[in-house]
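In: With the sequence up front, the predicted model follows.
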Amino acid sequence: MIIEHAWLPVTAGREEEFATSIRAALSVIESAPGCHGAQVRRQIEDPSTFLLIVRWDSVAAHEAFRASASFETWRRQTHPYYAVAPTVTHFGAVLER
């Protein structure tokens, strides 16, 4: 299992519209094959910044979603609100203690 971490900078003044839209869009990403859940958090220091965390089987599963028609639905619901393009990275297994 991997974690997708997406830093979402939203245009100032559109935060509430974005929050409403992404709440609805979460069902789109969560229905993708290989997705094991997603959540969005709002930054405390800068309320125009949101963090998307998605659990995927693999980076390939995330890339398959990005190549799907469902991603176009996701894009229509979320991308109009971004001030700049999101930064998306992937994290691997939890470090052993």
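Out: Happy to help now that I have it.
In: Every contact and neighbour count from this point should use C-alpha atoms.
Out: Fine.
In: Just want to check the distance between the closest residue to Gln39 other than its chain neighbours and Ile29.
Out: In this structure, Gln39 finds its nearest non-sequential neighbour in Ile53, 5.4 Å apart by Cα to Cα, 6 or more residues apart in numbering. Applying Cα to Cα, to the nearest Å, the value for Ile53 to Ile29 is 11 Å.
In: Show me whatever sits in contact with both of these two.
Out: Here Ile53 and Ile29 have Ala38 as joint contacts, going by Cα atoms under 8 Å, 6 or more residues apart in numbering.
In: Would you map the helices across the chain?
Out: Ranges of helices in the chain, per DSSP state H, are 15-30, 59-66, 69-78.
In: list the contacts for Gly37?
Out: Going by Cα under 8 Å, 6+ apart, the list of residues near Gly37 reads Glu30, Val54, Arg55, Trp56.
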